[in-house]
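Asker: The sequence and its predicted three-dimensional model are supplied below.
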Amino acid sequence: MRLKPFPTFLYFLFLPGVAAAGEKTVYGLNEYASLNGIDLEVAAKLDTGAKTASLSARDIKRFKRNGESWVRFYLAIDAAHSHPIERPLARVSKIKRRAGDYDPEEGKKYTARPVIELDICMGTALRSIEVNLTDRSAFQYPLLIGSEALKRFDALVDPSLKYAAGKPACATDAHTAE
């Protein structure tokens, strides 16, 4: 039996990609996520088309504490979360505005958003990710997890699935993976 060179070449060309995909965790388009340190579980949308992660927040204020930049905010999820949350400010991101959000008189094509580090548990994976704060109350999911965070989870997103990882089940003493 003689192997045909072109199909054999294609097989070996794609073989490394298949092996790499085997090391990934399959998540659905939507997953439950536990926000460690905030003691809250929310439904999240996993969006490979978005670069960053976003958490629904309101009344976002930056302030200084011991010479460091911090941010205070309230979760814009439901009325049960009426206490302020304070976290160190990791950085300020510039998010491109959608065409409908762009105001030519204002001139800015981006929105500045404060970013915090947050430990998130999905399934059994606990990761520290950067999350920008913005009011997502008009959206169905209060947490959007973008491609940068999905890389940290070694995620493979199957949009035909929902809640494939089940309820968050991270050990309380788990160390955040790099």
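Answerer: On my side now, so go ahead. Numbers count the residues shown, from 1 in each chain.

Asker: Please tell me how far the residue nearest the centre of the chain sits from residue 37.
Answerer: Among the residues of the chain, the one closest to the centroid is residue 145, at 2.4 Å (Cα atoms, centre = their mean). Plainly put, residue 145 is 17 Å away from residue 37 if you go by Cβ to Cβ, to the nearest Å. All C-beta spots, glycine's among them, are computed from the backbone N, C-alpha and C.

Asker: Which elements pack onto the helix or strand where residue 144 lies?
Answerer: Assigned by DSSP states H and E, residue 144 falls within strand 143-145. Strand 143-145 makes packing contacts with strand 25-36, strand 40-46, strand 53-65 when contacts are defined by 3 or more Cβ pairs under 8 Å, 6 or more residues apart in numbering; DSSP states H and E.

Asker: Give the pairing partners of the second one; include direction for each.
Answerer: Spelled out, it's strand 40-46. strand 25-36 (antiparallel), strand 143-145 (parallel) (DSSP bridges).

Asker: Same question for the longest one.
Answerer: For strand 53-65, the paired strands and their directions (DSSP bridges) are strand 68-75 (antiparallel), strand 125-134 (parallel), strand 143-145 (antiparallel).

Asker: Give me the residues contacting it.
Answerer: Here strand 53-65 makes contact (Cβ atoms under 8 Å, 6 or more residues apart in numbering) with 35, 69-77, 84, 86, 89, 113-114, 118, 129-137, 139, 142-146, 148-149.

Asker: cool, the first one as well?
Answerer: Contacts of strand 25-36 with the rest of the structure, by Cβ under 8 Å, 6+ apart, involve 40-46, 55, 118-123, 125-126, 141, 143, 145, 150, 153-168, 170.
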